[in-house]
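Q: What follows is a predicted structure for the sequence shown.
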Amino acid sequence: MNLALLQDAYAGKRVFVTGHTGFKGGWLALWLRRLGAEVIGYALPPDQPRGMFHAAGVAAACEHHLGDVRDERAVRQAIVDARPDVVFHLAAQALVRRSYEVPLETFDTNVRGTAHVLEALKALRAPVACVVITSDKCYENQERDLPYREEDPLGGHDVYSMSKAAAELVASSWRRSFFPLNTLKAHGVKVATARAGNVIGGGDWSVDRIVPDAITALWEHRPIGVRSPKAVRPWQHVLEPLAGYLWLGAKLLGPEPGRYCEGWNFGPDDSASIAVAPLVDKLIHAWGQGRWKDISRPDAVHEASLLRLAIDKARVKLGWSPRWGLDAAVNHTVEWYRAQLSGATPEQMRALSEDQIGSYLRAVPLAA
C-alpha cells in the first residue's frame, strides 16, 4: 500500500460517507480529512453519547448531515447534492444480537439501505467510485477451521448475517444490471464490496460487544462478564480495514478500476484469530489489572463459534497487508479508552486519534 499514492488519490476529492456518526465511520471521516478530502457525512444521530462521533469531535472534520438510508428520496437527494467522487457506504444495523430483536429494521437498513445508495448513484449521472462495507459474517458459516475466501458461498444463520450476505448480492446485482464493466467508460460507476473482521478500537460503545463491555467493567472495578469465551473471531484494530477500504477506493479511482469491482476481505493476520477469553486476557494485561467470569448460557441466541478470514487476495492483488498485530491493536485500544474515561476533551481525543492513525501508517506491514 503506497501511502503517497493514497494521499494523491483523496486530496481535494469529495467523499460521501454514510454512517459517519458510527464507530468505523467516525474514524474514516478523520482519516479522510487527514488525506485532504472534503468529507460529506450522512447518518442517523449517534446512538452512543460516548461514542467516536462526539468523543473525538468528528463533526468538525466533515460536512455533517442527518439522514436515514431507509429513506430512498433523502438518500438520492443527498448524494446528488454532494456530487461525490467517492462513496463509502458504512451505515448499518451492526449488531448480531440486536438483529434478533429488530429483524425488519435490520433488513431494511442493511439491504434496502444499500439498494437506496446504489440507486442514488444512477441518479447522480456522473463517474463515482463506491465501496460498500458488509461483514465477515456474510459467509455461510459452516464452523470450519479454514478461513473464508471471497469466492465462498454467502449465507447467514441470524438476520444480521443474512442481511450482510444480501447486501453483497444487492451490490453484485446492481453492478451487473446497471453498472456493467463492459460499459464502464460510458457510465463511470465503479462498485466494490469490503468485508472486515471483528473490529476493535477506541470509540466503540455499542452494547453487547466484548471490548466496550470489558472496558466498562475494568473502569468500574468489576469482573468482566464473558458470554462466549470459546468463540473464535478474527480480531483487528479499526484502522486495519479502514486502510483496506481507502486503498480499494483509491484503486477504483485509478487507471484500471474494472479489475477491482468485486468483493474483498480485509481481515487480520491469522495469528489474531483467537477465542474471546484470550482476547479478554490481553485487555486485562494492557489495562494493568482485572478479571473475568464466564456468563455463557445454554439458551443464548445463536452466534457462530468459529470464524476466520482469508486475506491472500487483498495482499496479492491490492498490495494491502495488516500493520498491527493483536497486541498492538489491544494496546492502542486501551490507550484511547483510558484517555477518554480520564476526562480528555473532544479536541484532545481527536488529536489522539490522529496520532494513532500516524502510528499505524508508520508501522511496517506484517509479513504474509
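A: On my side now, so go ahead.

Q: Tell me which stretches of the stretch 51-200 of the chain form strands.
A: 63-66, 86-89, 128-133, 189-196, 198-200 (DSSP state E, counting those that start in this stretch).

Q: Quick one, which of those strands gets closest to Val334.
A: strand 198-200 (9.9 Å; Cβ to Cβ). Every C-beta, even on glycine, is put in place using the N, C-alpha and C of the backbone.

Q: on that earlier part again, mind putting the strands of the stretch 51-200 of the chain into TSV with mean pLDDT and distance to Leu30?
A: Formatted as TSV, the strands of the stretch 51-200 of the chain follow (pLDDT from 0 to 100; distance: least, Cβ to Cβ, whole Å):
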stretch	mean pLDDT	distance to Leu30
strand 63-66	97	13
strand 86-89	98	13
strand 128-133	98	16
strand 189-196	98	17
strand 198-200	95	15
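
Q: worst-scoring helix or strand of the chain, pLDDT-wise?
A: In the chain, no helix or strand scores lower on mean pLDDT, DSSP states H and E than helix 3-10, which sits at a mean of 86.

Q: Show me what counts as buried in stretch 115-131.
A: Ala115, His116, Val117, Leu118, Glu119, Ala120, Leu121, Leu124, Val128, Ala129, Cys130, Val131 (16 or more other Cβ atoms under 10 Å).

Q: Span of it from start to end?
A: 13 Å (Cα to Cα, to the nearest Å).

Q: circling back to that earlier point, now the strands of the stretch 51-200 of the chain as CSV including distance to Thr183?
A: Converted to CSV, the strands of the stretch 51-200 of the chain look like this (distance: least, Cβ to Cβ, whole Å):
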stretch, distance to Thr183
strand 63-66, 31
strand 86-89, 20
strand 128-133, 15
strand 189-196, 10
strand 198-200, 35
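
Q: related to what we said a few turns ago, which element follows the least confident helix or strand of the chain toward the C-terminus?
A: strand 14-18 (DSSP states H and E).

Q: Export that next one to PDB, keeping only CA atoms.
A: Provided in PDB are the C-alpha atoms of strand 14-18 (Å, rounded to 0.1, in the frame of the first residue of the first chain):
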ATOM      1  CA  ARG A  14     -15.400  15.000  -2.400                       C
ATOM      2  CA  VAL A  15     -16.100  11.800  -0.400                       C
ATOM      3  CA  PHE A  16     -19.600  10.900   0.800                       C
ATOM      4  CA  VAL A  17     -19.600   8.700   3.900                       C
ATOM      5  CA  THR A  18     -22.800   7.000   5.100                       C
END
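
Q: Now do the least confident helix or strand of the chain against strand 128-133, angle only.
A: Here helix 3-10 points in a direction 120 degrees away from that of strand 128-133 (axes from the mean of the first three to the mean of the last three Cα atoms, to 10 degrees).

Q: who touches helix 3-10?
A: The contact list for helix 3-10 (Cβ atoms under 8 Å, 6 or more residues apart in numbering) reads Leu32, Leu35, Gly36, Ala37, Val86, Leu246, Trp247, Gly249, Ala250, Leu253, Gly254, Leu361.

Q: Filter those residues down to the ones in helices?
A: Of the contacts of helix 3-10, the ones assigned to helices by DSSP state H are Leu32, Leu246, Trp247, Gly249, Ala250, Leu361.

Q: Top of those by number of neighbours, please.
A: Neighbour counts for the ones in helices among the contacts of helix 3-10 (other Cβ atoms under 10 Å) peak at Gly249, which has 27 neighbours.

Q: Identify the residues contacting that one.
A: Ala9, Tyr10, Val86, Phe88, Ala129, Val131.

Q: If anything else comes up later, I'll come back, but that's it for now.
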